[in-house]
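**Q** how would this look folded up:
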Amino acid sequence: MKKYHLLSLLLFTLFITIYSCDTSSNDDAIIMGQVINNSTGEAISEAVVVITSPQEFQNSSRITDADGSFTFSGLNVNEATDIVIEARKTGFDRVSVTVTVTPGQTVDLENPIGLVLEGEDDGDDDGGGEVAGPSSGPAQIILTTITNQAINIAETGDRISSPFTFQVQDSSGRTLTSSNPATVDFSIISGPGGGEEVTPSSIRTNANGEVTTALFSGNRAGPVKVQASITRDDGIVVRSTPVLIAIHGGFPDQQFFSLSLTTSNIEGYNLNNIRTSAVVIMGDEFSNPVKPGTVVYFNTTGGIIQGSGSSDNDGFLSVDLISTSPRPSDNIPGSGGRPGYGYVIAQTIDKNDNIVSDSSVVLFSGSPQISNVSPTTFDLPPNGGENFTFTATDQNGNPLAAGTRFTVEVGEGLDANGDANFTLGDYLFPGIGSTEFSFSVSDTDEEASDRGGTTVTIRVTTPAGKEASFAISGFRAKRQN
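**A** Coordinates of the predicted model:
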């Protein structure tokens with residue numbers, strides 16, 4: 001029986017055979033090979049094969065396919081050259097092979113070279129494919145389950161811990177048992193420093209070689225790296241791959257609390273059950289969405305509003321504002337004391353029990369009316385035109401509801417441009433484009449020769465179908481023949 005110095009019983013194997021030279025005039029050499037597990041004979045996929053020497057080929061790399069195969073082509077050599085190839089795979093020691101190639105030669109690697117798994121001291125080769133003898137102790141720690149990849153900040157009343165389970169195996173992949181347990185220690189490699197901790201911090205493997213612990217959040221948001229380790233009797237330390245868990249979702253913070261209305265101007269001054277949504281987006285002090293289920297209270301100075309809502313995973317929630325009595329009449333800045341204006345208010349509580357709030361202005365607009373039309377008559381010369389201005393508001397002098405339709409109707413042979421055919425946007429206060437409008441009418445009929453009367457009609461129709469119109473009478477001049 002041969003004795004080997006081993007770091008594991010799992011092996012990489014590279015087969016090396018050099019066969020006849022390619023007499024092609026192409027000087028590029030080719031190296032092909034396969035990476036396998038020597039203890040099982042199975043191909044190893046996704047192993048990294050790298051040329052480490054000479055310098056001109058350094059860092060050329062390939063990833064083995066499902067058959068463990070790889071190929072380096074296009075190796076331009078001018079003379080016999082020693083090329084060092086290194087095979088790597090997570091959990092295994094690296095193995096290097098030196099291959100001499102000449103211009104135009106193809107090299108197929110077939111001779112076995114062993115590579116042991118990290119963490120193994122020594123062992124015996126019994127000549128078979130199975131690992132024999134007792135386990136030599138823990139060699140790897142594998143994460144098998146994790147409950148939550150993200151948890152909330154402590155004391156938010158939501159999920160603040162994430163259990164996870166590791167399994168400890170020996171160098172041949174066998175799990176530890178009750179006859180050879182190991183003590184696993186847990187440590188936080190990095191974190192936000194808000195008091196987060198792993199509990200328990202040390203635990204002995206059970207009969208299945210498993211240990212379960214949990215990360216508990218602190219009062220700060222950020223990523224946390226947790227690692228499991230075992231210090232063996234021979235002084236070797238076996239470590240797991242770090243586990244990454246995010247802590248976020250704290251209490252609402254005033255800086256990241258925002259209220260808005262999907263439509264601020266609704267046709268609710270005379271009509272009931274006209275609705276708009278009040279939308280809140282909340283973040284915590286670390287600019288992350290608050291924990292899901294955070295509750296916000298709403299009230300309004302006009303109509304009624306659904307009393308509360310709870311946030312989703314994005315810190316988002318919405319409720320409906322519904323038009324009814326009382327109609328709002330707050331003297332807000334910009335209202336000029338006109339009725340129809342009110343506030344929607346949203347409130348919640350931060351981590352220190354302080355009120356977090358925001359408000360948004362709402363306008364309940366009423367029936368449409370058209371005024372200040374200028375001019376109120378016209379006389380168009382041939383191919384001529386006229387400019388008009390007018391005011392359109394609700395009964396209180398406020399902008400009409402968002403979605404109100406504006407049209408200017410003209411007679412045959414006339415054309416209207418400007419504010420003549422459009423849908424009104426969401427405006428709160430009077431002004432140009434919200435209550436003050438203009439358009440032009442022009443003569444476009446080249447054949448009409450008789451002077452005649454005509455009418456231009458301004459018409460506005462609210463989303464609920466309420467309508468106002470204003471007719472402007474005028475003349476078209478006779479053309480000179």
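**Q** can we go C-alpha only for contacts and neighbour counts from here?
**A** Noted.
**Q** domains of the chain?
**A** Split into domains by automatic domain parsing, the chain comes to 2-116, 138-248, 254-364, 368-476.
**Q** any chance of those in JSON lines, plus mean pLDDT and mean neighbour count?
**A** Shown next, in JSON lines, are the domains of the chain (pLDDT from 0 to 100; neighbours: other C-alpha atoms under 10 Å):
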{"stretch": "domain 2-116", "mean pLDDT": "69", "mean neighbour count": "18"}
{"stretch": "domain 138-248", "mean pLDDT": "90", "mean neighbour count": "19"}
{"stretch": "domain 254-364", "mean pLDDT": "96", "mean neighbour count": "19"}
{"stretch": "domain 368-476", "mean pLDDT": "93", "mean neighbour count": "18"}
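**Q** Can you say which helix or strand has Asn208 in it?
**A** Per DSSP states H and E: Asn208 is located in neither a helix nor a strand.
**Q** from memory it sits against Ser179, does it?
**A** No - contact between Asn208 and Ser179 fails when scored by C-alpha atoms under 8 Å: they sit 10.5 Å apart.
**Q** check contacts around Ile160.
**A** Ile151, Asn152, Ile153, Ala154, Phe216, Ser217 (C-alpha atoms under 8 Å, 6 or more residues apart in numbering).
**Q** which one is the fifth one nearest to, not counting chain neighbours?
**A** Which is Phe216. Setting aside the residues directly before and after it, Phe216 is nearest to Ser161 in space (C-alpha to C-alpha, 6 or more residues apart in numbering), at 4.4 Å.
**Q** For that neighbour, which residues are in contact?
**A** Contacts of Ser161 (C-alpha under 8 Å, 6+ apart): Asn148, Ile151, Asn152, Ala214, Leu215, Phe216, Ser217.
**Q** Run through the strands of the stretch 101-250 of the chain in chain order.
**A** 106-108, 115-116, 122-125, 138-146, 150-152, 161-170, 183-190, 197-199, 202-204, 210-216, 222-231, 237-239, 243-248 (DSSP state E, counting those that start in this stretch).
**Q** Which among these is found nearest to Ile44?
**A** With distances scored as C-alpha to C-alpha, the stretch of these nearest to Ile44 is strand 115-116 (12.4 Å).
**Q** which phi and psi does the residue nearest in space to the middle of the chain have?
**A** With distances taken as C-alpha atoms, centre = their mean, the residue of the chain nearest its centroid is Asp314 (10.0 Å). When read as degrees, to the nearest 10, the backbone of Asp314 gives phi -100, psi 10.
**Q** How about Phe256?
**A** Dihedral angles (degrees, to the nearest 10) for Phe256: phi -120, psi 30.
**Q** Among the contacts of Ser161, which one lies nearest to Thr294?
**A** Nearest member of the contacts of Ser161 to Thr294, counting by C-alpha to C-alpha, is Asn152, at 12.0 Å.
**Q** residues contacting the closest one?
**A** Asp158, Arg159, Ile160, Ser161, Ser217, Ile247, His248, Gly249, Gly250, Lys291.
**Q** Tell me what it is bridged to.
**A** His248 (DSSP bridges).
**Q** next one: Phe390
**A** According to DSSP bridges, the residues that bridge with Phe390 are Phe437.
**Q** And Pro138, by the same measure?
**A** Asp170.
**Q** Excluding residues flanking it in the chain, which one is nearest Asn270?
**A** Nearest residue to Asn270 in three dimensions, chain neighbours excluded: Gly366, at 5.8 Å (C-alpha to C-alpha, 6+ apart).
**Q** Regarding the one you found, what are the backbone dihedral angles?
**A** Torsion angles, degrees, to the nearest 10, at Gly366: phi -120, psi -150.
**Q** Contacts only, for it.
**A** Glu267, Gly268, Tyr269, Asn270, Asp394, Gln395, Asn396, Leu400, Ala401.
**Q** my guess is Ser473 meets Gly411, correct?
**A** No - Ser473 is beyond contact range of Gly411, at 10.5 Å (criterion: C-alpha under 8 Å).
**Q** what is in contact with these two at once?
**A** Common neighbours of Ser473 and Gly411 (C-alpha under 8 Å, 6+ apart) are Thr454, Thr455, Val456.
**Q** Now the last one: phi and psi?
**A** Taking degrees, to the nearest 10, you get phi -110, psi 130 for the backbone angles of Val456.
**Q** any idea how far it is from Gly385?
**A** 12 Å (C-alpha to C-alpha, to the nearest Å).
**Q** now Gly433
**A** Separation of Gly433 from Gly385 (C-alpha to C-alpha) stands at 22 Å.
**Q** Out of the shared contacts of Ser473 and Gly411, flag the one nearest to Thr199.
**A** Once C-alpha to C-alpha is applied, the member of the shared contacts of Ser473 and Gly411 that ends up nearest Thr199 is Val456, at 81.0 Å.
**Q** so what's the closest one up against?
**A** Val456 neighbours (C-alpha under 8 Å, 6+ apart): Val408, Glu409, Val410, Gly411, Ala471, Ile472, Ser473, Gly474.
**Q** What is the most widely separated pair among the residues you listed?
**A** Val408 and Gly474 (14.6 Å).
**Q** could you dump the contacts of Gly366 to JSON lines with distance to Gly68 and secondary structure?
**A** Shown next, in JSON lines, are the contacts of Gly366 (distance: C-alpha to C-alpha, whole Å; DSSP: H, G, I helix; E, B strand; the rest coil):
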{"residue": "Glu267", "distance to Gly68": "71", "secondary structure": "coil"}
{"residue": "Gly268", "distance to Gly68": "72", "secondary structure": "coil"}
{"residue": "Tyr269", "distance to Gly68": "76", "secondary structure": "coil"}
{"residue": "Asn270", "distance to Gly68": "77", "secondary structure": "coil"}
{"residue": "Asp394", "distance to Gly68": "78", "secondary structure": "strand"}
{"residue": "Gln395", "distance to Gly68": "81", "secondary structure": "coil"}
{"residue": "Asn396", "distance to Gly68": "81", "secondary structure": "coil"}
{"residue": "Leu400", "distance to Gly68": "73", "secondary structure": "coil"}
{"residue": "Ala401", "distance to Gly68": "70", "secondary structure": "coil"}
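**Q** Closest one to Val373 out of those residues, please.
**A** Asp394 (15.5 Å).
**Q** The closest residue to the closest one other than its chain neighbours and Pro463: what is the separation?
**A** Leaving out its chain neighbours, the residue that sits closest to Asp394 by C-alpha to C-alpha, 6+ apart is Pro368, at 4.4 Å. Distance, Pro368 to Pro463, using C-alpha to C-alpha: 11 Å.
**Q** same deal with Glu155?
**A** Taken as C-alpha to C-alpha, the span from Glu155 to Pro463 is 48 Å.
**Q** can you check Gly431 too?
**A** According to C-alpha to C-alpha, Gly431 and Pro463 sit 21 Å apart.
**Q** now the helices for the protein?
**A** Counting by DSSP state H, no segments of the chain form helices.
**Q** Is Val226 bridged to anything, and to what?
**A** So, taking DSSP bridges as the rule, Val226 has Ile188, Val243 as bridge partners.
**Q** which ones are touching it?
**A** Listed by C-alpha under 8 Å, 6+ apart, the contact set of Val226 reads Phe186, Ser187, Ile188, Ile189, Ser190, Pro242, Val243, Leu244.
**Q** Quickly name whichever of those is closest to Arg88.
**A** Set against Arg88, the nearest of the contacts of Val226 by C-alpha to C-alpha is Pro242 (20.0 Å).
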